[in-house]
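Enquirer: Fold the stuff below for me.
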Amino acid sequence: MSVSMISVFGVSDKGAVRTNNQDTVAYKIMENENSWGVVCDGMGGIQGGDIASQIAVETFGDYLTQYLQGNEKAPIKALLHAVEKANKAVFEYALKDESLLGMGTTLVGTVLQDGVAYIVNIGDSRAYTISHNNILRITRDHSIVQDLVEEGNITDEQARSHPQKNLITRALGTSKMVEADIFQVEFRQGDWLLLCSDGLVNELTEKEILLNLKGKHNPKESCQQLLNIALERGATDNVTVLLFGTLEKK
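Expert: Numbering: from 1, shown residues only. Below you'll find the model as predicted:
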């Protein structure tokens, strides 16, 4: 009998235009087969975004690593607590420095456990599942443009080039409390779970992402391929790609 095991890789780049990278990515596969990953896209001044995303990722990841070592069976609770701690850490850090007030970050994170992906998001970084001939966006952007799409005022295609596409309506670290969305989806043998910042989806359509991942099994090669396409198209924003896949273990 064979079972599936998780494989993962993440990559982040400042893009073709920006001089610094305000995205941060991290991931870990635990000894007990639990795993987690997170992508943050920071905002707030020249250095504020860098600091916000780094603090958020470090706090989020440290909490989940400690929590999941005990093989706890409450991943949703763990994700929400990790978000609360990350939000507090970013908010309180900004209070110490006037130049950092208002800094914040998006966050999309996951815990993979027993064939299920538990996903949390704040802002417009996204999570997708890809299987065979289908790509499904799991998260909903917390953005002005997403609201316009859902109200029927613009199309998805118009949203890609809308002048307000970077304006988000929720962020982590900008206030004492934050509201996150939680999702739960099956993660089966042969599936991909993609977490990414908006820098990727600004350059590649969902159909293009599907075509480039279809039939592939190496997360490192696939991450680099998606990043390279974004860079070749003149990526105007930072680009971060995190891919979870499954390998068969005898």
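Enquirer: Every contact and neighbour count from this point should use C-alpha atoms.
Expert: Fine.
Enquirer: and for the longest helix along the chain, what are the contacting residues?
Expert: Longest helix in the chain by number of residues (criterion: DSSP state H): helix 45-68. If you take C-alpha atoms under 8 Å, 6 or more residues apart in numbering as the criterion, helix 45-68 is touched by 21-28, 30, 34, 36-43, 78-79, 82-83, 85-87, 89-90, 99-100, 103-106, 173.
Enquirer: Take these and keep only those in strands.
Expert: Among the contacts of helix 45-68, the ones falling in strands (DSSP state E) are 23-28, 36-43, 104-105.
Enquirer: what about the least confident helix or strand in the chain by mean pLDDT, distance to the chain center?
Expert: Lowest by mean pLDDT, DSSP states H and E among the helices and strands of the chain is helix 156-160, with a mean of 77. Mean-position distance between helix 156-160 and its chain equals 20 Å (C-alpha atoms, centre = their mean, to the nearest Å).
Enquirer: Quick one: residues in contact with it.
Expert: Taking C-alpha under 8 Å, 6+ apart as the rule, helix 156-160 contacts 145, 146, 149, 165, 202.
Enquirer: swap in stretch 73-86?
Expert: 55-57, 59-61, 63-64, 67, 109-111, 113, 118-120, 172-173, 177-178, 180, 182.
Enquirer: any chance you could map the helices in this protein?
Expert: Along the chain, counting by DSSP H, helices occupy 45-68, 75-95, 144-150, 156-160, 198-201, 206-213, 219-232.
Enquirer: wait, doesn't residue 185 sit right on residue 114?
Expert: No: applying C-alpha atoms under 8 Å, one finds residue 185 not in contact with residue 114, separated by 11.3 Å.
Enquirer: ok, these two, which is more surrounded?
Expert: Neighbours were tallied for residue 185 and for residue 114 using other C-alpha atoms under 10 Å; the higher tally belongs to residue 185 (14 against 11).
Enquirer: What's the local residue count around residue 122?
Expert: 28.
Enquirer: nope, residue 108 is what I meant
Expert: Neighbour tally, residue 108, other C-alpha under 10 Å: 28.
Enquirer: just residue 21 next, same as before
Expert: Neighbours of residue 21 (other C-alpha under 10 Å): 20.
Enquirer: Same check on residue 30?
Expert: Per other C-alpha under 10 Å, the neighbour tally for residue 30 reads 13.
Enquirer: and what of residue 157?
Expert: 10.
Enquirer: Likewise for residue 32?
Expert: The tally of other residues near residue 32 (other C-alpha under 10 Å) stands at 11.
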